[in-house]
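Undergrad: coordinates only, no sequence provided:
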């Protein structure tokens, strides 16, 4: 089931304002469980986790910054 443009905008806002900070807290706590690795390994883990969250949510964010594609249809143009 495809999400409408308005639903994708709402979900993207919720994900960015609530989900992403929770994901950051979770990532920091997971890294803190292990002995502190070298700075390069730690940087690689954070960069990997920073990119990893976006892949499953790509469909939600796709086209959100563009104008509403349904706006012209509702006006009858």
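TA: Thanks, I have the structure now. Keep in mind it's a predicted model, so treat the numbers as computed, not measured.

Undergrad: just the terminal-to-terminal distance for stretch 58-70.
TA: 20 Å (CA to CA, to the nearest Å).

Undergrad: shift numbering so it begins at 70
TA: That works, and once the first residue is 70, the last one we named lands at stretch 127-139.

Undergrad: check contacts around residue 95.
TA: If a contact means CB atoms under 8 Å, 6 or more residues apart in numbering, then residue 95 has no contacts. No exception for glycine: its C-beta is placed from N, CA and C like everyone else's.

Undergrad: count the neighbours of residue 124 for me.
TA: 7 (other CB atoms under 10 Å).

Undergrad: helix or strand for it, which one?
TA: Taking DSSP states H and E as the definition, residue 124 sits outside all helices and strands.

Undergrad: under the pLDDT cut-off, which ranges of this protein? List them.
TA: Scanning the chain for pLDDT under 70 picks out 70, 142-146.

Undergrad: look up the closest residue to the residue minimising distance to the centre of the chain, ignoring the ones flanking it.
TA: Compute the mean C-alpha point of the chain, and by CA atoms, centre = their mean the closest residue is residue 123, 4.6 Å away. The spatial neighbour of residue 123 that comes closest, neighbours along the chain excluded (CB to CB, 6 or more residues apart in numbering), is residue 130 at 7.5 Å.

Undergrad: wait, the one you found sits on residue 82?
TA: No: contact criterion CB atoms under 8 Å: residue 130 and residue 82 do not qualify, at 10.5 Å.
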